[in-house]
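*Asks:* Pasted the sequence and its predicted model underneath.
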Amino acid sequence: RKNRQISFYHISGITGLCGAVLLLSLFSCEPRPHDSDLSAQKYDFAAGLLNAFFIFPERLPATVEELYSFPSPEALYESVYEPYTFYFNSEDASELLSGYLSTESYGIGIMMEYVDNGYLIRYVISGSPGEKAGLKPLDTILVVNGVSVQGMDLMEFKVLLSGENSNTIVLCVKRGRDLINITVTRRIFKTPTVFVEVVDSSVVLIKLTSFLLETNTPGGSAVEFAAALDSTEWADYIILDLRMNGGGLLGQCLDIVGMLVPPKTEIIITRERHYDPETKTSLITDMTYLAEGTGIAADRTIYVLVDSYTASASEILVSCIMQRPKVTVIGEKTFGKARGQLYSWGPDSVFAQVTFMTVTPVGNTAVSYDSVGIIPDALTTSKEAFDVALDIIYDTAVSARRAVIPRKSRRLWCDVPLRHTEPKALIPARK
């Protein structure tokens with residue numbers, strides 16, 4: 001089956017089945033007599049979406065009268081007792097979705113680590129205000145708006161760099177032997193979702209923070225990930241960091257899966273509920289998804305880092321690549337979300353999200369992890385997962401008599417959010 005654009009989040013997603021404008025006219029629910037009332041239109045929209053697509057129809061009200069017996073759309077959605085099915089009014093919807101569809105944020109756009117005399121810039125995000133102002137990797141920030149940051153803890157430093165959009169910040173940085181004052185204006189920009197760090201002569205760390213189409217790279221996370229694989233072809237070992245990755249678009253996820261497993265591999269089985277406007281009925285179908293990529297990294301050795309916030313699309317990625325050799329999963333048990341949501345906007349910009357899909361892995365991992373999570377091959381804390389991966393790699397390298405240059409791991413901090421701190425929802429994605 002051809003892979004479709006679907007997204008996996010814990011809170012939100014994108015409609016790809018029916019446009020929001022069409023949904024009201026497609027459903028079989030009888031309209032209430034006072035349809036001209038805006039509140040009634042909102043209820044009709046919410047009830048129609050739920051009745052047409054909800055994957056657990058046995059939990060729905062048995063009759064149209066019962067469907068419309070609730071005092072509000074919120075109460076109706078709460079009645080089905082499904083943790084990822086929500087209705088939001090227009091105010092809450094705008095706030096909820098602002099960070100889920102793209103990596104757009106505002107700030108400076110630099111990744112740093114603490115050093116003795118200040119904060120050393122390790123990475124400047126392409127297209128960010130920091131790059132445009134002239135900041136460069138290996139610059140050391142010594143002073144922010146006249147305040148020395150030597151010995152300053154991270155929380156104080158965050159406060160100094162924080163502020164509203166369009167605020168200016170004056171940084172004194174050390175570049176080589178020179179001291180340079182650089183003025184940066186905090187602006188809105190898109191961040192990457194893939195970050196690469198060379199650990200040593202044989203090991204590379206690839207951190208994937210989300211699965212999105214709208215990043216600072218055209219084509220989104222999958223294009224970023226492909227570039228990361230291409231630029232690290234020399235590495236004997238990949239550490240793929242999915243900690244704190246709550247999910248994203250399924251299309252992006254499956255594109256990445258297609259790079260890491262052989263072509264035509266069966267990867268997931270879904271059960272989906274769709275609405276047929278011609279017959280005005282809902283149908284439940286089982287689908288099998290095949291890997292459609294080139295498998296460019298299907299034979300590379302990968303150590304996957306996970307934690308309790310690794311969820312949804314991230315768990316799909318983990319379950320798919322666990323089938324193949326040369327993959328070891330390290331860290332905490334994952335979140336445990338194997339359900340997909342669709343969402344749509346309704347009258348007056350209200351928003352509804354409905355679970356319409358369940359997901360089951362195939363192959364050796366063909367056991368549902370929904371509400372349970374995926375148990376890693378090597379259980380350890382999220383904080384220690386990276387070091388455990390290195391220990392395994394170095395033991396393997398010594399056994400194989402490969403040369404490695406151990407290097408102490410470091411913790412980087414970015415001035416803008418690079419990930420969603422909660423697991424996200426899984427939903428059909430916008431083309």
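*Replies:* That came through fine.

*Asks:* Now for residue 254: which residues touch it?
*Replies:* Contact analysis of residue 254 by C-beta atoms under 8 Å, 6 or more residues apart in numbering lists 3, 267, 289, 291, 292, 316. C-beta here means a position set from N, CA and C on the backbone, and glycine is covered the same way.

*Asks:* Mind checking which of those residues are buried?
*Replies:* Among those, those buried by neighbour count (16 or more other C-beta atoms under 10 Å) are 3, 267, 289, 291, 292, 316.

*Asks:* Out of these, list just those in helices.
*Replies:* residue 316 (DSSP state H).

*Asks:* pLDDT and distance to residue 217 added to the buried ones among the contacts of residue 254, as a markdown table?
*Replies:* Shown next, in a markdown table, are the buried ones among the contacts of residue 254 (pLDDT from 0 to 100; distance: C-beta to C-beta, whole Å):
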| residue | pLDDT | distance to residue 217 |
| --- | --- | --- |
| 3 | 32 | 20 |
| 267 | 93 | 24 |
| 289 | 94 | 25 |
| 291 | 94 | 22 |
| 292 | 92 | 21 |
| 316 | 96 | 21 |
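
*Asks:* May I see the buried residues of stretch 358-377?
*Replies:* Buried residues in stretch 358-377, defined by neighbour count with 16+ other C-beta under 10 Å: 358, 359, 360, 361, 362, 365, 369, 373, 374, 376.

*Asks:* And stretch 70-85, by the same measure?
*Replies:* 70, 73, 76, 77, 79, 80, 82, 84, 85.

*Asks:* Repeat that for stretch 224-241.
*Replies:* Applying 16+ other C-beta under 10 Å to stretch 224-241 flags 224-226, 228-229, 232, 235-241 as buried.

*Asks:* Can you list the low-confidence ranges for the chain?
*Replies:* 1-36, 95-102, 364-366, 397-413, 416-431 (pLDDT under 70).

*Asks:* Next, the distance between the ends of stretch 141-150.
*Replies:* End-to-end distance of stretch 141-150: 9 Å, with C-alpha to C-alpha, to the nearest Å as the criterion.

*Asks:* Identify the residues contacting it?
*Replies:* Against stretch 141-150 from outside (C-beta under 8 Å, 6+ apart): 112, 116-121, 157, 160-161, 169-174, 179.

*Asks:* From those, list the buried ones, please.
*Replies:* 112, 118-121, 157, 160-161, 169, 171-174.

*Asks:* Helix, strand, or coil at the nearest residue in space to residue 351 that is not next to it in sequence?
*Replies:* The shortest distance from residue 351 to any non-neighbouring residue, by C-beta to C-beta, 6 or more residues apart in numbering, is to residue 93 (3.4 Å). Here residue 93 is recorded as helix under DSSP: H, G, I helix; E, B strand; the rest coil.

*Asks:* if I look at residue 93, how far off is residue 154?
*Replies:* 33 Å (C-beta to C-beta, to the nearest Å).

*Asks:* more crowded one of those two?
*Replies:* residue 93 (21 against 12; other C-beta atoms under 10 Å).

*Asks:* what sits against the more buried one?
*Replies:* 345, 349, 350, 351.

*Asks:* residues contacting the last one?
*Replies:* Just to be clear, that refers to residue 351. 87, 88, 90, 92, 93, 96, 97, 343, 344, 345.

*Asks:* picking up where we left off before, inside helices: which ones of the contacts of stretch 141-150?
*Replies:* Checked against DSSP H, these include these in helices: 157, 160, 161.

*Asks:* And the first one, how close does it get to residue 202?
*Replies:* Per C-beta to C-beta, residue 157 is found 34 Å from residue 202.

*Asks:* same thing with the second one?
*Replies:* Noted for residue 160: a distance of 38 Å to residue 202, by C-beta to C-beta.

*Asks:* same check, this time on the last one
*Replies:* Remark: distance between residue 161 and residue 202 (C-beta to C-beta) = 35 Å.

*Asks:* one step back: next, check the contacts of residue 93 against the strands and list the overlap.
*Replies:* 345, 351 (DSSP state E).

*Asks:* I'd like the contacts of residue 93 as CSV, with distance to residue 298 appended.
*Replies:* Listed next are these as CSV, based on distance: C-beta to C-beta, whole Å:
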residue, distance to residue 298
345, 40
349, 44
350, 44
351, 39
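
*Asks:* Weed out the non-buried ones from the contacts of residue 93.
*Replies:* 345, 350, 351.
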